[in-house]
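Enquirer: Take this sequence and fold it.
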Amino acid sequence: MFFRRKKPARPAPAAPPIDPLGSSPDSGTQFLTGDRDQDRRTVDVLLETIARVSTSSDLGSLLVDIVDHSVELTKAERGFLILLDERGEPQIRVARDKDRRDIDKDTRFSTSIVRKVLETNEPTLATVQNDSDALELGRSVFDLKLRAVMCVPLDSGSASSAIESEARPGVLYVDSRAASGEFTHRDLGLFAALSQHISITLDKARLHLHSLEKERLEKNLELAQAIQDGLMPPVPKDVPGLEIHGWCRPAEQTSGDFFDFVRTKDDRLAAVIGDVTGHGIGPALITASAQAGLRSYLRVIPDPALALTTLNQDLSERMDDGMFVTLLLMVFGDDGRMDIVNAGHHPALVARSGEVLTVEGHGPALGMMPELDFEVSGTMQLQSGDVLLAFTDGLIEAHDPADRDALFGEERVREILVEHAALGTSAEGIARALAERALEFSGGVHDDDITLVVVRKI
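Expert: Numbers count the residues shown, from 1 in each chain. Below is the predicted model of the structure:
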């Protein structure tokens, strides 16, 4: 008969001594004891807690659930989710008690332990055996009569960025005043394991929120683009003696540039080109407001300078500091006379008999000085064959992709304008030629909106 020697039971590993000043053991598997049944129960509790946290429907409820489940898992009395603010000071984001009630966010906690965890990025456990221990841990621990504190880091590269727009370090913190509420290293290991999974959950929430925000922004941009496209006017085809064309290409989905054609109160044709500082959805909103306002004023005020003065007063009251609109207003009479009011815009160019003339006259941009009175800054009698070009600075500032300092420039614009005016190219053809040459020069890429208005006297 054979007998197997009975192996002696393996003793459970002794827990490391508890340091009242806060210890940071290797907590990766510290909560496992070697007892299969106990470890299974522990893992089941951890997985259940992770599952409940992971099913939160939104970030706000997720943060509350994280703290509630942290308190429940550790059997603590209070739980906090704490972040560093812009000044580097710990600030409570969520504070809850064991009954799942909110705690005043001005309540005190052990800032010394929180700072230690933020500095070392290691889980920390502190227990208090007497008043001396409490005072060494900090005045708040002594005053609050805390007996035990645990604090674990949340990954600052993922979890904290899910909570704030900028990545800020964060921690989970629990404490207890009950004599029976002392935490062990096993509790700390379990809490640290939970925090690692929470960091992953928060990172997923951040990515989900980013995806939703991106989708919302794209839909808003598509809507803004559709509205702005609808505001682009039809090019008038029935103006006696004039051939007209307008062209615009935004640098982004929406544009800070615009052009318009309006019949004034005295039945003259007004052509407008404008440029709001910047590009994107903000300038696009100002563009829509400026375009709509000027269109309305020109229809009731026969004097173009007064119409622009009124628009300036309106915009100055509503525009933020640092934003302004440059605008060129050109009004054409049946006799070929053209009056221009220039509000800080690049002067118009006129190709005539192989030369290019600059329509002089300049004024300040709109939105800068509300009390300013604008005046007609330039007048010209257009002659048969003249070609007038008004443009925004995106045209001449298109740059070589290999050299940002190499700009398309006004000289090239003048050469193309003279060339096509001599050929008798249509207004649309001239606008297209200028745009194509500028985009070819810049490799199809442009940092600013490009807008052109071409008027040809026939």
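
Enquirer: and the residue lying closest to residue 441 once chain neighbours are set aside, what is it in contact with?
Expert: Spatial nearest neighbour of residue 441, chain neighbours left out: residue 408 (4.9 Å); criterion: C-beta to C-beta, 6 or more residues apart in numbering. C-beta here means a position set from N, CA and C on the backbone, and glycine is covered the same way. Residues in contact with residue 408 (C-beta atoms under 8 Å, 6 or more residues apart in numbering) are 395, 396, 397, 398, 399, 437, 438, 441, 442.

Enquirer: Just give the closest residue to the last one, not the sequence neighbours.
Expert: Counting by C-beta to C-beta, 6+ apart, residue 398 is the residue found nearest to residue 442 once chain neighbours are left out, at 4.1 Å.

Enquirer: ok so, going back, can you flag which of the contacts of residue 408 belong to helices?
Expert: 395, 396, 437, 438, 441 (DSSP state H).

Enquirer: since we're on the first one, how many residues are nearby?
Expert: Counted with other C-beta atoms under 10 Å, the burial measure for residue 395 works out to 27 neighbours.

Enquirer: again with the second one
Expert: Neighbours of residue 396 under the rule other C-beta under 10 Å: 18.

Enquirer: Make residue 1 into 481 and carry on from there
Expert: In the new count, where the first residue is 481, that last one comes out as residue 876.

Enquirer: For the nearest residue to it once chain neighbours are set aside, give its distance to residue 822.
Expert: Of all residues beyond its chain neighbours, the one nearest residue 876 is residue 890 (5.1 Å), with distances taken as C-beta to C-beta, 6+ apart. According to C-beta to C-beta, to the nearest Å, residue 890 stands 16 Å off from residue 822.

Enquirer: do residue 767 as well
Expert: Taking C-beta to C-beta, one finds residue 767 at 18 Å from residue 822.

Enquirer: So between these two, which is more surrounded?
Expert: residue 822 (27 against 23).

Enquirer: Spatially nearest residue to the more buried one (excluding sequence neighbours)?
Expert: In space, residue 822 is closest to residue 857, 4.6 Å off (C-beta to C-beta, 6+ apart).

Enquirer: quick one: contacts for the one you found?
Expert: So residue 857 contacts 820, 821, 822, 840, 841, 842, 843 (C-beta under 8 Å, 6+ apart).

Enquirer: Where does the last one sit, in terms of helix or strand?
Expert: Taking DSSP states H and E as the criterion, no element holds residue 843; it sits outside all helices and strands.

Enquirer: my guess is it meets residue 821, correct?
Expert: Yes. Using C-beta atoms under 8 Å, residue 843 is in contact with residue 821, at 7.2 Å.

Enquirer: With neighbour numbers in mind, choose between the two.
Expert: residue 821 (26 against 21).

Enquirer: Can I get the ones in helices among the contacts of residue 888 in TSV including pLDDT and distance to residue 793?
Expert: Shown next, in TSV, are these (pLDDT from 0 to 100; distance: C-beta to C-beta, whole Å):
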residue	pLDDT	distance to residue 793
875	95	30
876	95	31
917	95	39
918	94	35
921	94	40
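
Enquirer: could I get those residues as CSV with distance to residue 590?
Expert: Compiled in CSV, the ones in helices among the contacts of residue 888 are given as follows (distance: C-beta to C-beta, whole Å):
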residue, distance to residue 590
875, 63
876, 63
917, 69
918, 64
921, 64
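
Enquirer: Give me the three-state assignment for residue 840.
Expert: Following DSSP: H, G, I helix; E, B strand; the rest coil, residue 840 is assigned to coil.

Enquirer: Which residue, other than its chain neighbours, is closest to it?
Expert: residue 858 (5.6 Å).

Enquirer: Distance check, that neighbour against residue 562.
Expert: Relative to residue 562, and taking C-beta to C-beta, residue 858 is found at 64 Å.

Enquirer: Look at these two and report which has more neighbours.
Expert: Set residue 858 next to residue 562 and count neighbours by other C-beta under 10 Å: residue 562 wins out with 22 against 18.

Enquirer: List the contacts of the helix or strand where that one lies.
Expert: Taking DSSP H and E as the definition, one finds residue 562 inside strand 558-564. Residues outside strand 558-564 that contact it (C-beta under 8 Å, 6+ apart) are 543, 546-548, 550-551, 570-578, 583, 589, 594, 598, 634, 640, 643-644, 648-656.

Enquirer: give the contact list for residue 755.
Expert: 736, 737, 805, 806, 807, 825, 872, 873, 929, 931.

Enquirer: so how many other residues sit close to the last one?
Expert: So the one you mean is residue 931. So residue 931, with other C-beta under 10 Å, has 26 neighbours.

Enquirer: excluding its backbone neighbours, what's nearest it?
Expert: residue 737 (3.9 Å).

Enquirer: related to what we said a few turns ago, which single one of the contacts of residue 857 is nearest to residue 801?
Expert: residue 843 (20.0 Å; C-beta to C-beta).

Enquirer: what sits against the closest one?
Expert: Applying C-beta under 8 Å, 6+ apart, we find residue 843 in contact with 821, 822, 823, 824, 852, 854, 855, 857.

Enquirer: Kindly report the same for residue 584.
Expert: residue 575 are the contacts of residue 584 under C-beta under 8 Å, 6+ apart.

Enquirer: And the protein, what are its domain boundaries?
Expert: Domain ranges of the chain: 516-686, 702-937, per automatic domain parsing.

Enquirer: Cheers, nothing more for now.
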